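Student: Using only what follows, build the 3D model:
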Amino acid sequence: MKLLYAAPTYGPVDPTFEQNHRTAIMRAANRGVVWVGDVSPDRMGWAAARNRVVETALEVTVETEVDGVFWIDSDIMVPSDAIHRLCGHVLDFVSGLYFQRSAPYWPLFARLNKRKSFEWPSEYPENVVAPCDGVGFGCVYTSLKLLKLVSALPECKESGPFGGDFGKKSYGEDFTFCLRARKVGVQPHVDTAIKCEHGMGQEFANEDLFKRLGSLRSKIV
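Tutor: Residues are numbered from 1 along each chain as shown. As a prediction, the model looks like this:
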C-alpha cells in the first residue's frame, strides 16, 4: 500500500510525540507500507490545512499511484502498530480510538441521533471495528477514492472537502468531512482495539480516564 503521511501542526511539536509517530511510521514501512511523501501544513487553520493535504494527495496521484492518506495529529500518541493495522482493514475510512482532552473526555467517534445531531457513546464494544457516523482526525486512514468522491461534491468546490458548513448545522472540519463521506456512500469506522492517548499538558486523555469518570457524564452532549 502506498500512502501519503499527513500531520497538520500549529507550531513546534513535542519530541516525545515525534518519536512515537516515527516508530509507527517505521513499523508500517517494515510491513509493506510505502510512504510516497509527507505533507504537514503548519500554522494554518485546521480546515485549510486538511484541504491542503487533500490537494496534495490528488496531485501526487498524477505522478504515482497513491492508495490513501494516513492522518495523525501532533498531540496524539499511537500504538506502534496503529498505521498498518488501520490500513489492513481494507476500508475507505477508519479511525483509531482516542478521546477529547478535556472533561468529560468523550471518545472521538459518534453516531447521529434522531435529531441528526452527533451523540457520543457512553460505552462501546472492546476490540471491534465498528461503523459510526463521525470521527475526529487524530489517527485516521482515508482512501484516495474517498477523497476524490468528497472533493467532487458541489459544496466542496469553493470551500474544499473540509471547509464550510454542512447544511444548516456547523461542525468541526473533521465531522463535516464525515457527513460528506456518508453523503457519497462511504461509511466511517472506528477500531476500538487501537487505543491512542491525547496529550493534555503533563497528562493524557485515554480510555482509563474516560472509564474512571463515567459516572460524571450525561448520556448526550
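Student: For beta bridges, what are the partners of the residue nearest to Asn113 when sequence neighbours are not counted?
Tutor: Take Asn113 and drop its neighbours on the chain: the residue closest to it by Cβ to Cβ, 6 or more residues apart in numbering is Glu119, 4.5 Å away. In this view, the C-beta of every residue, glycine as well, is placed from N, C-alpha and C. In this entry, Glu119 is beta-bridged to Arg111, by DSSP bridges.
Student: How about the contacts made by Asp38?
Tutor: Taking Cβ atoms under 8 Å, 6 or more residues apart in numbering, we find Asp38 in contact with Leu4, Tyr5, Ala6, Ala7.
Student: One more: Lys183?
Tutor: Contacts of Lys183 by Cβ under 8 Å, 6+ apart are Val150, Leu153.
Student: For it, give its distance to Tyr171.
Tutor: Here Lys183 is placed at a distance of 13 Å from Tyr171 (Cβ to Cβ, to the nearest Å).
Student: And the strands in the protein?
Tutor: Using DSSP state E, the strands found in the chain span residues 2-6, 34-39, 68-72, 76-77, 93-97, 109-112, 118-119, 129-131, 134-135, 139-143, 189-195, 197-200, 203-205.
Student: so can I have JSON lines of those strands showing mean pLDDT and distance to Val150?
Tutor: Shown next, in JSON lines, are those (pLDDT from 0 to 100; distance: least, Cβ to Cβ, whole Å):
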{"stretch": "strand 2-6", "mean pLDDT": "95", "distance to Val150": "15"}
{"stretch": "strand 34-39", "mean pLDDT": "92", "distance to Val150": "17"}
{"stretch": "strand 68-72", "mean pLDDT": "97", "distance to Val150": "12"}
{"stretch": "strand 76-77", "mean pLDDT": "97", "distance to Val150": "23"}
{"stretch": "strand 93-97", "mean pLDDT": "98", "distance to Val150": "10"}
{"stretch": "strand 109-112", "mean pLDDT": "95", "distance to Val150": "17"}
{"stretch": "strand 118-119", "mean pLDDT": "92", "distance to Val150": "18"}
{"stretch": "strand 129-131", "mean pLDDT": "97", "distance to Val150": "18"}
{"stretch": "strand 134-135", "mean pLDDT": "96", "distance to Val150": "14"}
{"stretch": "strand 139-143", "mean pLDDT": "98", "distance to Val150": "9"}
{"stretch": "strand 189-195", "mean pLDDT": "98", "distance to Val150": "16"}
{"stretch": "strand 197-200", "mean pLDDT": "95", "distance to Val150": "25"}
{"stretch": "strand 203-205", "mean pLDDT": "94", "distance to Val150": "28"}
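Student: could I get these as CSV with distance to Asn51?
Tutor: CSV is the format used below for these (distance: least, Cβ to Cβ, whole Å):
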stretch, distance to Asn51
strand 2-6, 11
strand 34-39, 11
strand 68-72, 12
strand 76-77, 20
strand 93-97, 17
strand 109-112, 22
strand 118-119, 22
strand 129-131, 26
strand 134-135, 18
strand 139-143, 13
strand 189-195, 23
strand 197-200, 23
strand 203-205, 27
